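Colleague: A predicted structure for the sequence below; I have some questions about it.
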Amino acid sequence: MTESAAALEVRAIACRRGPALLFSKLDFDVFPGELLCVRGPNGCGKTTLLRCVTGLTRPDEGRIAWLGQPVSSDPARFRGDIAYAGHLPGLKDDLTTEENLEFALRLRDAPVDRAAMAAALEDVGLAKRRRLPARRLSAGQRRRIGLARLALDPAKLWVLDEPLTALDDAGQAYFVGLLDAHLAKGGLALIATHHDLRPPSGSVRELRWAS
Amino acid sequence: MGLVTASARGSYSGGFSWAMGRDLRLAWRHPDEAVLTLAFFALVASLFPLGVGAEPQLLARIGPGVIWVGALLAAFLALPAMFSQDFADGSLEQMTLSPHPALGWAAGKVVSHWIVSGLPITLLSPFIGLQYGLTPDTLLVEALSLAIGTPVLSLLGGACAALSLGARGGGMLLALLALPLFVPVLIFGAGAAEAQATGMSSQPHLMLLGAALIGALVGLPAAIVGAVRIAVD
């Protein structure tokens, strides 16, 4: 793969929600090591755009290619390469922190390494709470389980919807560090956020809705 | 470039064991749900003698059908939990985006649902049958018909539960969708035990039930996956 090839190519994508046209004829590329921030006012369609890229929502028009291949030709491969985190955390209240992380990784077909899991939970500050059921965690702590998952998931493309919600300053700083390491490895990120994300390495571009 | 590393590919068995392991562990954390299903089954089946009178001949006559209706209602009771929580907490989104093929985890969810609802109902049914004075071979055929029939209920119910996700008044819609579809299973299931009780062969009924199970196994997991995709869209 050459440096100039975009890993993710989105062409002429359009999505309607009921009578409202959220976006149409939208083209963008994301290159290895690049972060694309999606910005815009509430309700403009950022979440829908992210879901269209992952394939959760079917766009009305348009094509998406991953590593030069149309996603539709091998959707399972594309799914193996995406880590998606939406507004819903996908955690089970009755499972412990550790179990939630383990099942999340197994669902991603990512390697489950006890030592690495313990280290990741330590890094996000949940080492002492790893045997607590998720229902006893605060909103920010639940978000931190998601951060531990991102740290251990080898996915190349991160598609994250407001990843900084409910995180304190330390949590936000930890996330920026994770993102920086991901981009430095040649990973890609597509993030909808209202925050100003400035990872030191990796280039940042913006996709902004005109208001 | 990190991009040259291999992608996660997933497998049917990976998705199956993931869903089964997780759902069974969740059920184990909250055994009350499975116990309530069983208690409901026992209660419904015990109400009939109080309603129709405790005449032994009458009870032996209606026993197989009553047990099947009780089993069907109890299996129905456990249905909404199959997908609604995964839908509400975002797990279904993550499952849809998993590299594991969706048929794997869908099958795993149905099997674990059957293990906590259909299987205990089947095992309990001979004891309920004793209350109705059913003969040992009728009890056996009753349990056998439940063992073949309740997986069909779990599969059919799973497809209906997935279809009713996100609809307002989902529980009522689920009843309207699922209960009519359960009717053939009820007819052949109760028919098998009744035929045995009246001295005829139960084999045709059991074979039809078996055919329904094979058909359900082939077609319904894909229907569940399709309905889940629509629900998370």
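Modeller: That came through fine.
Colleague: in the one helix or strand residue A:207 maps to, what's buried?
Modeller: Secondary structure assignment for residue A:207, by DSSP states H and E: strand A:203-208. In terms of neighbour count (16 or more other C-beta atoms under 10 Å in any protein chain shown), strand A:203-208 has its buried residues at A:204, A:207. C-beta here means a position set from N, CA and C on the backbone, and glycine is covered the same way.
Colleague: cool, stretch A:103-110 as well?
Modeller: A:103-110.
Colleague: who touches that stretch?
Modeller: A:80, A:83, A:90, A:92, A:95, A:111-112, A:117, A:145, A:149, A:152-155, B:8-11, B:14-15, B:18, B:21-22, B:94-95, B:98-100, B:105 (C-beta atoms under 8 Å, 6 or more residues apart in numbering or on different chains).
Colleague: helix or strand right after the lengthiest helix in chain A?
Modeller: Longest helix of chain A, by residue count under DSSP state H: helix A:169-184. Sequence-wise, the next helix or strand downstream of helix A:169-184 (DSSP H and E) is strand A:188-192.
Colleague: so how far is the lengthiest helix in chain B off the chain centroid?
Modeller: When chain B is parsed with DSSP H, its longest helix is helix B:203-232. In terms of C-alpha atoms, centre = their mean, to the nearest Å, the centre of helix B:203-232 is set 11 Å apart from its chain centre.
Colleague: average pLDDT for that helix?
Modeller: The average of the pLDDT scores along helix B:203-232 is 95.
Colleague: quick check: which element contains residue B:185?
Modeller: helix B:170-197.
Colleague: so that helix versus helix B:203-232, what angle?
Modeller: 170 degrees (axes from the mean of the first three to the mean of the last three C-alpha atoms, to 10 degrees).
Colleague: helix B:170-197: which residues count as buried?
Modeller: Within helix B:170-197, judged by 16+ other C-beta under 10 Å, the buried ones are B:170, B:174-175, B:177-178, B:182, B:185-186, B:188-197.
Colleague: tell me the spacing between residue A:40 and chain B.
Modeller: According to C-beta to the nearest C-beta, to the nearest Å, residue A:40 and chain B sit 21 Å apart.
Colleague: so what secondary structure elements neighbour the helix holding residue B:185?
Modeller: helix B:56-77, helix B:136-163, helix B:203-232 (3 or more C-beta pairs under 8 Å, 6 or more residues apart in numbering or on different chains; DSSP states H and E).
Colleague: so which of the ones you listed gets nearest residue A:41?
Modeller: helix B:203-232 (25.0 Å; C-beta to C-beta).
Colleague: quick check: the residue of chain B nearest chain A.
Modeller: residue B:90 (2.5 Å; C-beta to the nearest C-beta).
Colleague: name the nearest residue to that residue, ignoring sequence neighbours.
Modeller: residue A:88 (2.5 Å; C-beta to C-beta, 6 or more residues apart in numbering or on different chains).
Colleague: wasn't the one you found part of a helix?
Modeller: No: read with DSSP: H, G, I helix; E, B strand; the rest coil, residue A:88 is coil and lies in no helix.
Colleague: tell me how far it lies from residue B:175.
Modeller: For residue A:88, the distance to residue B:175 (C-beta to C-beta, to the nearest Å) stands at 27 Å.
Colleague: I'd assumed residue A:153 was in contact with residue A:85.
Modeller: No: between residue A:85 and residue A:153 there is no contact under C-beta atoms under 8 Å: 10.0 Å.
Colleague: tell me which of those two has more neighbours.
Modeller: residue A:85 (24 against 20; other C-beta atoms under 10 Å in any protein chain shown).
Colleague: list the contacts for the more buried one?
Modeller: Each residue near residue A:85 by C-beta under 8 Å, 6+ apart is listed here: A:146, A:150, A:158-161, A:163.
Colleague: gap between it and residue A:148?
Modeller: To residue A:148, residue A:85 is 12 Å away according to C-beta to C-beta.
Colleague: common neighbours of these two, please.
Modeller: Between them, residue A:85 and residue A:148 share no contacting residue, judged by C-beta under 8 Å, 6+ apart.
Colleague: returning to what we had before: angle of the longest helix of chain B against helix B:136-163?
Modeller: 20 degrees.
Colleague: and the strands in chain A, which stretches?
Modeller: Counting by DSSP state E, chain A has these strands, from start to end: A:8-17, A:20-30, A:34-39, A:61-66, A:69-70, A:82-85, A:157-161, A:188-192, A:203-208.
Colleague: need those in TSV (columns: mean pLDDT and distance to residue A:174).
Modeller: Listed next are the strands of chain A as TSV, based on pLDDT from 0 to 100; distance: least, C-beta to C-beta, whole Å:
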stretch	mean pLDDT	distance to residue A:174
strand A:8-17	91	25
strand A:20-30	90	23
strand A:34-39	93	16
strand A:61-66	93	28
strand A:69-70	91	34
strand A:82-85	94	15
strand A:157-161	95	14
strand A:188-192	94	15
strand A:203-208	87	18
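Colleague: chain B contacts on chain A?
Modeller: A:1, A:7, A:32, A:54-58, A:67, A:76-77, A:79-82, A:84, A:86-95, A:99, A:103-104, A:106-110, A:154-156, A:185-187 (C-beta under 8 Å from any C-beta of the partner chain).
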